[in-house]
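Student: sequence and predicted structure are below.
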Amino acid sequence: MGGFELDLVVTEGLGDNSYVLSSGDEAVLIDPQRDVERLLRVAEARDARVRYVLETHVHNDYVSGAVQARALTGAPVLGPAKAGYAFPHRGLEEGDDVVVG
């Protein structure tokens, strides 16, 4: 089984962080904040294309960058099936797998 890298992307002044999980030549942007270019630079530095944009929950303390990330990469947005997002996404249920790398 191949390895993976998890990069933390901090936005000062907010209580949440974003992450880039990469494995091989693929990456997932996790809980991307609005400034998605920072996350895309991390994926690019790892020579990984963004395969998915993953929202783990509804964010009440910042504007999500998921829609912008999808527009820039073409990667589908994944999120909780019951989150009630107003943007197109693939709903995930407990136990669903997301394969990367």
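Tutor: That came in fine, so what should we check first? Residues are numbered from 1 along each chain as shown.
Student: so for stretch 34-49, mean pLDDT?
Tutor: Taken as a whole, stretch 34-49 has a mean pLDDT of 95.
Student: list the buried residues for it?
Tutor: Residues Val36, Leu39, Leu40, Val42, Ala43, Arg46, Ala48 are the ones in stretch 34-49 that count as buried (16 or more other C-beta atoms under 10 Å). (C-beta placed from N, C-alpha, C; glycine too.)
Student: give me the number of residues near the nearest residue to the third one once chain neighbours are set aside?
Tutor: In this case it means Leu40. Leaving aside its chain neighbours, Leu40 sits nearest to Leu72 (6.7 Å; criterion: C-beta to C-beta, 6 or more residues apart in numbering). By the criterion of other C-beta atoms under 10 Å, Leu72 has 15 neighbours.
Student: pull out the buried residues from the host helix or strand of Val53.
Tutor: Applying DSSP states H and E as the criterion places Val53 in strand 49-54. Applying a neighbour-count criterion of 16+ other C-beta under 10 Å, one finds Val50, Arg51, Tyr52, Val53, Leu54 buried in strand 49-54.
Student: my guess is the fourth one contacts Ala66. True?
Tutor: The one in question is Val53. Yes - contact criterion C-beta atoms under 8 Å: Val53 and Ala66 qualify, at 5.0 Å.
Student: need the residues touching each of the two.
Tutor: Common neighbours of Val53 and Ala66 are listed as Leu29, Pro32, Val77 (criterion: C-beta atoms under 8 Å, 6 or more residues apart in numbering).
Student: among the residues you listed, which are in strands?
Tutor: Per DSSP state E, strands hold the following members of the shared contacts of Val53 and Ala66: Leu29, Val77.
Student: quick one: buried ones out of the shared contacts of Val53 and Ala66?
Tutor: If we count by 16+ other C-beta under 10 Å, these have these buried: Leu29, Pro32, Val77.
Student: wait, what's in contact with the last one?
Tutor: The neighbourhood of Val77, defined by C-beta under 8 Å, 6+ apart, consists of 52-55, 66-67, 69-70, 85, 87-90.
Student: hmm, try it at 7 Å
Tutor: Val77 is in contact with Val53, Glu55, Ala66, Arg70, Phe87, Pro88, His89, counting by C-beta atoms under 7 Å, 6 or more residues apart in numbering.
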